[in-house]
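Asker: For reference, the sequence and a predicted model appear below.
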Amino acid sequence: MYESSPEKFILIKPEELKAMMGKMKEDVLEELRSDISPEYLSAKDVEKTLSVSHGTVWNWTKRGILHPVKIEGRVLYEKWEMLKILNERKI
(Lines give C-alpha, C1' and ligand atoms only; values in the text may rest on other atoms or scores of the structure.)
Protein backbone atom coordinates (compact mmCIF):
# COMPACT_ATOMS: atom_id res chain seq x y z
CA MET A 1 0.00 0.00 0.00
CA TYR A 2 1.27 3.46 -0.89
CA GLU A 3 1.67 5.96 1.92
CA SER A 4 2.06 9.59 1.03
CA SER A 5 4.50 11.69 2.96
CA PRO A 6 3.22 14.78 4.75
CA GLU A 7 3.28 18.03 2.84
CA LYS A 8 6.25 20.28 3.45
CA PHE A 9 6.36 24.02 3.10
CA ILE A 10 9.43 26.02 2.24
CA LEU A 11 9.79 29.64 3.23
CA ILE A 12 11.61 31.78 0.71
CA LYS A 13 11.97 35.49 0.26
CA PRO A 14 10.25 36.93 -2.83
CA GLU A 15 13.53 38.26 -4.22
CA GLU A 16 15.15 34.82 -3.84
CA LEU A 17 12.21 33.20 -5.64
CA LYS A 18 12.46 35.78 -8.41
CA ALA A 19 16.20 35.09 -8.75
CA MET A 20 15.57 31.33 -8.92
CA MET A 21 12.88 31.81 -11.57
CA GLY A 22 15.21 34.07 -13.55
CA LYS A 23 17.92 31.40 -13.44
CA MET A 24 15.46 28.75 -14.62
CA LYS A 25 14.37 31.03 -17.46
CA GLU A 26 17.99 31.59 -18.50
CA ASP A 27 18.63 27.83 -18.40
CA VAL A 28 15.67 27.18 -20.73
CA LEU A 29 16.78 29.97 -23.07
CA GLU A 30 20.32 28.59 -23.18
CA GLU A 31 19.01 25.11 -23.92
CA LEU A 32 16.92 26.44 -26.78
CA ARG A 33 19.83 28.46 -28.16
CA SER A 34 22.21 25.51 -28.08
CA ASP A 35 19.73 22.93 -29.33
CA ILE A 36 20.71 21.67 -32.76
CA SER A 37 17.30 20.18 -33.51
CA PRO A 38 15.12 21.64 -36.27
CA GLU A 39 14.02 25.26 -36.12
CA TYR A 40 10.39 24.22 -35.60
CA LEU A 41 8.56 22.88 -32.57
CA SER A 42 5.37 20.86 -32.29
CA ALA A 43 2.54 22.13 -30.08
CA LYS A 44 3.62 19.58 -27.43
CA ASP A 45 7.16 20.95 -27.51
CA VAL A 46 5.81 24.50 -27.20
CA GLU A 47 3.79 23.44 -24.14
CA LYS A 48 6.88 21.95 -22.50
CA THR A 49 9.17 24.83 -23.46
CA LEU A 50 6.86 27.55 -22.20
CA SER A 51 5.37 25.48 -19.34
CA VAL A 52 1.83 26.13 -20.52
CA SER A 53 -1.19 23.95 -21.25
CA HIS A 54 -2.46 22.81 -24.63
CA GLY A 55 -5.37 25.24 -24.23
CA THR A 56 -2.98 28.15 -23.73
CA VAL A 57 -1.06 27.30 -26.91
CA TRP A 58 -4.37 27.10 -28.78
CA ASN A 59 -5.60 30.41 -27.31
CA TRP A 60 -2.32 32.19 -28.07
CA THR A 61 -2.48 30.88 -31.63
CA LYS A 62 -6.07 32.09 -32.01
CA ARG A 63 -5.16 35.52 -30.56
CA GLY A 64 -2.16 35.88 -32.88
CA ILE A 65 0.49 35.63 -30.17
CA LEU A 66 1.86 32.45 -31.77
CA HIS A 67 2.08 32.05 -35.52
CA PRO A 68 2.02 28.41 -36.61
CA VAL A 69 3.23 27.20 -39.97
CA LYS A 70 2.05 24.09 -41.77
CA ILE A 71 4.79 21.82 -43.03
CA GLU A 72 3.79 18.56 -44.69
CA GLY A 73 0.40 18.73 -42.98
CA ARG A 74 1.86 19.30 -39.50
CA VAL A 75 1.22 22.45 -37.49
CA LEU A 76 4.57 23.69 -36.19
CA TYR A 77 5.88 26.77 -34.40
CA GLU A 78 9.14 28.55 -35.08
CA LYS A 79 11.71 28.20 -32.31
CA TRP A 80 12.73 31.88 -32.46
CA GLU A 81 9.18 32.80 -31.50
CA MET A 82 9.48 30.75 -28.29
CA LEU A 83 12.75 32.53 -27.46
CA LYS A 84 11.02 35.86 -27.98
CA ILE A 85 8.14 34.91 -25.69
CA LEU A 86 10.51 33.63 -22.99
CA ASN A 87 12.55 36.85 -23.19
CA GLU A 88 9.45 39.03 -22.89
CA ARG A 89 7.73 36.99 -20.19
CA LYS A 90 7.43 38.71 -16.83
CA ILE A 91 8.32 36.69 -13.75
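Answerer: It's in.
Asker: where exactly do the strands run in this structure?
Answerer: In the chain, the strands defined using DSSP state E lie at 40-41, 69-71, 74-78.
Asker: buried ones in the helix ranked longest in the chain?
Answerer: The residue-count maximum for a helix in the chain (DSSP state H) belongs to helix 14-34. For helix 14-34, burial by neighbour count (16 or more other C-beta atoms under 10 Å) applies to 28, 32. For the C-beta atoms, the positions are set from N, CA and C on the backbone; glycine is no exception.
Asker: Quick one: list the elements packing against that helix.
Answerer: For helix 14-34, the elements it packs on are helix 79-88, judged by 3 or more C-beta pairs under 8 Å, 6 or more residues apart in numbering; DSSP states H and E.
Asker: ok and the helix it packs on relative to helix 14-34, angle-wise?
Answerer: Orientation check (axes from the mean of the first three to the mean of the last three C-alpha atoms, to 10 degrees): helix 79-88 against helix 14-34 gives 160 degrees.
Asker: Which residues does helix 79-88 contact?
Answerer: 25, 28-29, 32-33, 35, 38-41, 46, 49-50, 65-67 (C-beta atoms under 8 Å, 6 or more residues apart in numbering).
Asker: Repeat the analysis, applying 6 Å as the threshold.
Answerer: 29, 32, 39, 41, 49 (C-beta atoms under 6 Å, 6 or more residues apart in numbering).
Asker: and it with strand 74-78, angle?
Answerer: Relative orientation of helix 79-88 and strand 74-78, computed by the same axes, to 10 degrees: 50 degrees.
Asker: for helix 79-88, the distance to its chain's centre please.
Answerer: Relative to the centre of its chain, helix 79-88 is centred 9 Å away, using C-alpha atoms, centre = their mean, to the nearest Å.
Asker: buried sites along it?
Answerer: Neighbour counts over helix 79-88 (16+ other C-beta under 10 Å) mark 79, 81-82, 85-86 as buried.
Asker: Same question for stretch 47-55.
Answerer: 47, 49-50.
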